[in-house]
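S.K.: Give me a 3D structure for the following:
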Amino acid sequence: MSDINEAVLDELFRTARSHHWFTRQPVEQSTLEAVYDLMKWGPTSMNCCPARIHFCISQQARDRLSALSMDGNKEKIASAPVAAIFANDAAFYDRLPALFPPVPTAREMFANNQTSAQATAMRNGSLQGGYFIIAARALGLGVGPISGFNNAAVDAEFFAGTTLKSNFLCVLGYPDHSRTLPRQARLAFKDACRIL
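M.R.: Presented below is the predicted three-dimensional model:
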């Protein structure tokens, strides 16, 4: 194994937590850009990069999003400095000629097979969401992914007339450690993995 700093591994994984409560310190646009600039280097199949992120920073935008979430998530979204909507572009393949020039027919492979396109967008957009969480942690932000919301309502409210479809939400900011929940259990290697 490489000599990765143990403190870095702790920060990104071992002592990291999901955060849903934050201080009042705002998150600057330059910080969000820096997170994205790290996230974008994570691998996706055929470099398809289907994730699209809408950052709800204004109170009005967060309130609109909060209204479309489950009751337990409404306050988390409304009070966070940033609530991000992670969406997948259903027409991600239109960018493949520029993103994946080694295969000139890559666009048509998906444009002519919407079942494959949808599965590819969901799989790789979710991967990109994971990269975003790690990048945000690396830059000192707390992150709380949320799946309890009405996808169809969010799509109608924020993405009408586009090819974007919501995947998950994520609140982020500088954590209020006084409200951080204890570490929850994880499965052991023997319970989650098989070597074949």
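S.K.: I'd say Ser116 and Glu108 touch.
M.R.: No - under the criterion of CB atoms under 8 Å, Ser116 makes no contact with Glu108, lying 11.5 Å away. All C-beta atoms are positioned from the backbone trio N, CA, C, and that covers glycine.
S.K.: Nearest residue to the residue nearest in space to the middle of the chain in space, please, no chain neighbours.
M.R.: Against the mean C-alpha coordinate of the chain, by CA atoms, centre = their mean, the closest residue is Gly129 at 2.9 Å. Excluding the flanking residues, the one nearest Gly129 by CB to CB, 6 or more residues apart in numbering is Phe86, at 5.0 Å.
S.K.: Who are the contact partners of that neighbour?
M.R.: Ala51, Arg52, Ile53, Gly125, Gln128, Gly129, Phe132, Ser166, Asn167, Phe168, Leu169, Cys170 (CB atoms under 8 Å, 6 or more residues apart in numbering).
S.K.: cutoff 7 Å now
M.R.: Phe86 makes contact with Ala51, Ile53, Gly125, Gly129, Asn167, Phe168, Cys170 under the criterion CB atoms under 7 Å, 6 or more residues apart in numbering.
S.K.: if we look at the helix of greatest length in the chain, which residues are touching it?
M.R.: Ranked by residue count under DSSP state H, the longest helix found in the chain is helix 114-138. Contacts with helix 114-138, where a contact means CB under 7 Å, 6+ apart, come from 11-12, 16, 35, 38-39, 42, 44-45, 48, 50-51, 86, 88-90, 92-93, 110, 143, 145, 167-168, 172.
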